[in-house]
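Asks: got a predicted model here, sequence first, then my questions.
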Amino acid sequence: MMRVVDLDVRTILKAKGNPFKLISQTVDGLKEDQLLQLHTPFAPTPLYRALGRRGFTHATIQLKRTHFVTQFYSAALGENWFFVDEGDTDLSRAVRDACEKSAGGDPSLVIAPLPM
């Protein structure tokens, strides 16, 4: 069972701050059954390589023009997963809508429900 550790750094970035240390500390604290769900105002492409070197892969969904949600999880799980808490109906709906809108739906992205 995967558990989500949610981190929203949009306000830090809006204030021209650098959230890298906070993100790194959060990643360092992840347990095997946890993934980082990161909220940013843009796709965090610099983190893809940085966390990839640490054994993580990612999936990114654009919810709004300035709201991206990226999940970083162990590369051992494979690629193209997006874990959704079915109890969070707003995020679940937004993720499904985003998948349908992206090139007619991203068939390579698997939306996996988290056990409640």
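Replies: That came through fine. Numbering: from 1, shown residues only.
Asks: sec struct for R49, please.
Replies: Reduced to three states with DSSP: H, G, I helix; E, B strand; the rest coil, the structure at R49 is helix.
Asks: gap between it and D8?
Replies: R49 sits 22 Å away from D8 when distances are taken as C-beta to C-beta, to the nearest Å. (Glycine included, C-beta is placed from N, CA and C.)
Asks: same deal with G52?
Replies: Using C-beta to C-beta, one obtains 22 Å as the distance from G52 to D8.
Asks: and what of Q37?
Replies: From Q37 to D8 the distance is 9 Å (C-beta to C-beta).
Asks: more crowded one of the two?
Replies: A side-by-side neighbour count of Q37 and D8, using other C-beta atoms under 10 Å, places Q37 first with 20 against 13.
Asks: output the contacting helices and strands for the helix or strand where the more buried one lies.
Replies: According to DSSP states H and E, Q37 maps onto strand 34-40. Strand 34-40 is packed against strand 3-8, helix 10-14, helix 20-28, strand 67-74, with contacts defined by 3 or more C-beta pairs under 8 Å, 6 or more residues apart in numbering; DSSP states H and E.
Asks: as a whole number, average confidence for stretch 87-95?
Replies: For stretch 87-95, mean pLDDT is 73.
Asks: so R54 touches L30, yeah?
Replies: No - using C-beta atoms under 8 Å, R54 is not in contact with L30; the gap is 10.2 Å.
Asks: who's more crowded, the two?
Replies: Shown here are R54 and L30; by other C-beta under 10 Å, L30 has more neighbours (16 against 12).
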